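Student: the following block contains a protein sequence and its predicted model.
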Amino acid sequence: MKKLFFLLNVLALLPAMVWAAPPLYPAVKPNTALVFPRDHGAHLEHRTEWWYVTGWLETLDGKQLGFQVTFFRTRPNIDQANPSQFSPKQLLFAHAAISDPAQGSLLHDQRGARSGFDLAQASEADTDVRIDQWTLQREPTGRYTTHIQAREFELQLSLQLTQALLLQGDHGYSRKGKNLSQASYYYSQPQLAVSGTITRAGKKITVRGTAWLDHEWSTSVLAQEAVGWDWVGLNLDNGSTLMAFRIRDAAGQTLWASGTLRDTQGRVRALSSQHITFTPTRHWRSPRTATNYPVAMQVQAGDLQLQLEPLMEDQELDSRLSTGAVYWEGAVTALQNGQRVGRGYLELTGYFKPLKF
Amino acid sequence: MQTTALAFTFLLGEFRAHGKRVAIGVIAIAIGVAMGYAVHLINYAASSEFSQAVRSLMGNADLTVRGTRIGFNEQAYPLLARLPEVAVASPVVEIDAHIPQQSEALKIIGIDYFRAQTVQPNMLGHLADENMNEGLDAFHPNALFLSPAALTWLKLKLGDTLAVQVGLEIRQLHIAGTVPAAGAGQRIGVMDIAAAQWRFDRLGLVQRIDLKLRPGVDIAAFQSKIDSILPTGVAAVTPADGERRAANLSRAYRVNLNVLALVALFTGAFLVFSTQVLSVVRRRSQLALLRVLGLTRASLIRWILAEGTLIGVLGSISGLLLGYAVAAAVLDYSGADLGGGYFSGVRPTVHFDIWATVIFFALGLGAALLGSLVPALETARAQPSRALKAGDEENALRRLRSPLPALVLIASAGALCFVGPVNELPIPGYIAIALLLIGSIALMPRLAYAVFSHFPTPTHSASYLAVTQLKGASGRASIGLSGILASFSLMAAMAIMVTSFRVSVDEWLGNMLPAELYMRAAPSGDTAYFSAQDQLIILSTPGIARAEFLRSTHISLDPLRPAITLIARPIDPANPAARLPFIGAVLPSQPLSSTQPITVWASEAAADLHGLVVGKQFMLPLGAHSQSVIVGGIWRDYARQHGALVINLADYRRLTGDERVTEAGMWLQAGTIPAQAVNNLRASLHNNTRLDIAEPGEVRRLSLKIFDRSFTVTYLLEAVAIIVGLFGIAASFGGQALARAREFGMLRHIGVTRRQIGLMLAIEGALLTTLGVLAGLLLGWVIALILIHVVNPQSFHWTMNTHMPWVLLSSVAATLIFAAAITAWLSGRSAMSVQAIRAVRDDW
């Protein structure tokens, strides 16, 4: 359940057009076995897809930073008959952000390109996406590497697997609403061990930490009533992991919720709507967009109850100039009785404006 | 103080009494200033809008890689984008789309929004409301974004459709939104690059790649680095180069118009001079009295110059106002191209330009002051005691100066004709014309003296008096004579030049249009064409005996110069002169072999601008490749100022694989009338309305109409020159007649009738004007030769043959002589209204 869904709004979710050759998007169906490494690669037939890395980093002098690197692919609803090499049959976007409490707000940059000319590409064989010099690649060993050359920073990170891959939903079939077609294929790589460098203002610093990678692809549309969602992915310190999301309506009520809890023994428990609640405990109002975000949350997932506290309050991401979205995407600490039990990322969308579908 | 007040009274009296004469000076200055100022404002508006357009199209780019109008292989884009120095590479497709019913093409830019965001942010389209577009998005192959100026021009609103012609087909584009950041006068449309390539049949080609370099990259070094990897004919230029190129487009034309404005100012200055001289002569005793009363020489000069200043200020101000109004009206009514055909695609509005205003004000004032300076110095030099006595007027004008300075001026004018252009502008030629004019005017008193002193004295009484008068007082006559000389020579020069040009163009058109019927795919833009199939249809159309097809496109031989036209048409290698009007030697036809370079024929402009001579070999960029070619001959071309190359259509097709053509020349079967063939063509091409079909006569008529329109300013100036000449004569004789009131009185005393005096003046006027006209004709002819053989080839790179417009010249000459006689006679009548006895008594 990722933020860039609402890019579709702008680029792909257009009323059906009469085309000489309209794109045919395959539906997401249950009981489809995911096959790796093929399914690490891109699914160019589907309407949308993303590879999404979030995590916490620690510098050598003990400073805590949050980071996120996202590659997003969309197949727009355009006439497939256009033989031009520039024909935007696949569009690629990438976002990168660093949360540094010393900075107070996000350092952020983004890229967008139509695929083609070997300048922007998403491989179908394995995770290998790039836009110019921005890359995210998976090696046969399972290790991921990413290189981001942003305006204000440069990221060079290596993400090592420490646990098995985690299929979300029903063996990777993750429902987003009451309608069976409202679903995606979704798996995660939690508890990734990160090492690498961040370069800021010409200064390269070594970092290490823990990250979470999501890969999700779909064609589905959310329910009409949906205005946004809350999502959280947590690497708990004891080695267990939690992913939970809820889709909200205009009144703030949960339309659909889902989650996955994997315990220290590697047992996976799928959580459905009735097992998940998000309760805001503190709001932060953005001075730029006057949006109220519930930046601190009480999350109930099955019998696990966690208090989420942000690394810093201002982790709002304003990309109206490019993709048109304003949302909150931030590093959070999971607490139990005031004690840290894990860390991860929280995503809050649809608070600035209801998302239109 | 007293004398100052007195002087002021005198001068004020002069203005009051001879307001009309002052007004002529003011008007003359005003015309010159208005013309120069208007030309400047129009060009300034046009070229700044044009530069603005160039800048805005290039956006933040550090370099633009561009080649021919057809474009170059899009694979250069990933090549450039991957270079480590490049931050962003933004590919651009440029189209001049023909819009049916519009004479001007619409420039459509195809961009990749993602790349343009950083490189050309001003080109980004802004989607209109979703409901208006029914879900149309920016990538839709029919989605077009129009700049506000284009919307206004095409009278379209968001949600409308726009028909564009591609080949012979009409395609509908949907106005999906606006380009809000486009410059106010910029008419452009923006589309997605993939949509533009597809909709306009430009697959695989881009016209431009704009590069934003990484910080710290040395642009010049990078420029030369990529030169080696770019295909021939494709080069990287900086935005400054782009602007310079835009300015170069019209520079020569602009300079020529500005020189014409200077000519107008010069005639204005001359008019001020002649009125001032006469008014000073007439007031000689008054001015002497002022001197006697204690006014210093310097103050006197100042006072006379003050008169000139007043004329100059009034003339300049009214000229500036008039010029501004004219510029605004012209820009509003007919656009900015001044008949020259430059600057299409922009719709500028007039902007106040402080520096130009100051300069043209100064020029007007300067001209008036210059006109007053000579008489002021002359008056100040006179001995007050002598000047107070009657009859001294003659002295002021009688002294003949040494002819040496005038001869030096004329000689240097001759030498300047052989100096080449400066900075690609024919500056020495213009200076030569100015020197020649000034030298000739300075020689006029001598000429008058030389001619009239040897003139046989007739026996008829009025003629006798007239000739004797001219013999005795030829100096006085020289002012009127100079006026006639200046105006008639300028008029004659312009008339000879324009006629030579027009006749040459006419002959050239005859040579260029050998077929019986011509057909164009569209009158504007580069999107219309005849496909290979269309060509077969044309050939098999009933009534068409045979057809020659022509493909016209643009290529760049030098990235810093405007592109030249490449014309592919069938040329008989054995006899290329059958289709091209050659100048000089033509290479014999080359044996056809793959190792030999292909023959191309260069127009004069192409030869001049790109240093091509017969026999020279060079690499010609054609499509993705370049081909070794040899110049087979130089031909005359008046249509393409930036140069043209002709290549055999068969060679062109073989090298490019491009089967499309843009024009067809057709010969009819015996017995077919053109109208019938036109109908058949329209019927067989399923496209009856959009085809542009014309007979050569029509093409010729249209071409000459365009020619005449582009010389409107010149024709206007010819009229101004003649009017100034007439004013000069009137002023000269009016002043003389008043000054000669005593003489008339004396003549009346000794029994000469009023009628005879009138006749005498008319003959004097006619004789003097005849001399002026003859001298003017000679001078005009010489100036015309300079214009034809020096100025024109240097500014427009074409030559022409001299043709004399005898009918026009002789009728203007006759009119001038007749008008001069009438004017002289009329001025005599007013002078003779004073009683003879009173006029003579003035002596005492």
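Tutor: Yep, that arrived.

Student: got the CA coordinates for the longest strand that chain A contains in PDB?
Tutor: In chain A, taking DSSP state E as the definition, the longest strand is strand A:183-200. Extracted in PDB, the C-alpha atoms of strand A:183-200 (Å, rounded to 0.1, in the frame of the first residue of the first chain):
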ATOM      1  CA  ALA A 183      -5.700  -6.300  -4.800                       C
ATOM      2  CA  SER A 184      -1.900  -6.300  -5.600                       C
ATOM      3  CA  TYR A 185       0.900  -8.800  -5.700                       C
ATOM      4  CA  TYR A 186       3.000  -7.800  -2.700                       C
ATOM      5  CA  TYR A 187       6.100  -9.100  -1.000                       C
ATOM      6  CA  SER A 188       8.600  -7.600   1.500                       C
ATOM      7  CA  GLN A 189      12.200  -8.000   2.400                       C
ATOM      8  CA  PRO A 190      12.300  -6.900   6.000                       C
ATOM      9  CA  GLN A 191      15.300  -6.600   8.400                       C
ATOM     10  CA  LEU A 192      17.800  -5.700   5.600                       C
ATOM     11  CA  ALA A 193      21.300  -4.900   7.000                       C
ATOM     12  CA  VAL A 194      22.300  -1.600   5.400                       C
ATOM     13  CA  SER A 195      25.900  -0.300   4.900                       C
ATOM     14  CA  GLY A 196      27.100   2.500   2.800                       C
ATOM     15  CA  THR A 197      27.700   6.200   2.500                       C
ATOM     16  CA  ILE A 198      25.800   9.400   2.400                       C
ATOM     17  CA  THR A 199      27.500  12.400   0.900                       C
ATOM     18  CA  ARG A 200      26.200  15.800   1.900                       C
END
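
Student: may I have the strands that pair with that strand, each with its orientation?
Tutor: strand A:153-160 (antiparallel), strand A:166-167 (antiparallel), strand A:173-175 (antiparallel), strand A:203-218 (antiparallel) (DSSP bridges).

Student: list the buried ones in stretch B:660-677?
Tutor: B:660-666, B:668, B:672, B:674, B:677 (16 or more other Cβ atoms under 10 Å in any protein chain shown). From N, CA and C alone the C-beta is placed, and that goes for glycine too.

Student: can you tell me which of those end up in strands?
Tutor: B:663-666, B:668.

Student: let's have those in CSV, adding distance to residue B:276.
Tutor: Putting these into CSV (distance: Cβ to Cβ, whole Å) gives the following:
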residue, distance to residue B:276
B:663, 58
B:664, 63
B:665, 60
B:666, 64
B:668, 66
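
Student: identify the farthest-apart pair in the buried residues of stretch B:660-677.
Tutor: B:660 and B:672 (26.5 Å; Cβ to Cβ).

Student: up against chain A, what does chain B have?
Tutor: By the rule Cβ under 8 Å from any Cβ of the partner chain, the part of chain B lying against chain A is B:74-75, B:77-78, B:81-82, B:91, B:112, B:114-115, B:117, B:134-137, B:139-141, B:192-195, B:197-198, B:203-204.

Student: and the residues you listed, which are buried?
Tutor: By 16+ other Cβ under 10 Å, those give B:74, B:77, B:81, B:91, B:112, B:114-115, B:117, B:136-137, B:139-141, B:192-195, B:197-198 as buried.

Student: in helices, which of those fall?
Tutor: Counting by DSSP state H, the part of these found in helices is B:77, B:81, B:114-115, B:117, B:193-195, B:197-198.

Student: not counting sequence-adjacent ones, nearest residue to residue B:696?
Tutor: residue B:513 (4.0 Å; Cβ to Cβ, 6 or more residues apart in numbering or on different chains).

Student: got the contact list for that neighbour?
Tutor: With contact set as Cβ atoms under 8 Å, 6 or more residues apart in numbering or on different chains, residue B:513 has these partners: B:665, B:696, B:699-700.

Student: return the subset of the residues you listed lying in helices.
Tutor: Per DSSP H, the contacts of residue B:513 map to helices at B:696, B:699-700.

Student: does residue B:555 really touch residue B:66, like I thought?
Tutor: No: using Cβ atoms under 8 Å, residue B:555 makes no contact with residue B:66, being 11.4 Å away.

Student: that older thread, show me which of the ones in helices among the contacts of residue B:513 is closest to chain A.
Tutor: Proximity of the ones in helices among the contacts of residue B:513 to chain A was ranked by Cβ to the nearest Cβ; the top entry is residue B:699 with 37.2 Å.

Student: now do the same contact list for the closest one.
Tutor: By Cβ under 8 Å, 6+ apart, residue B:699 lies in contact with B:509, B:513, B:518.

Student: quick one, grab the pLDDT at the first one.
Tutor: Right, the one you point to is residue B:509. In this model, residue B:509 is scored at 83, pLDDT.
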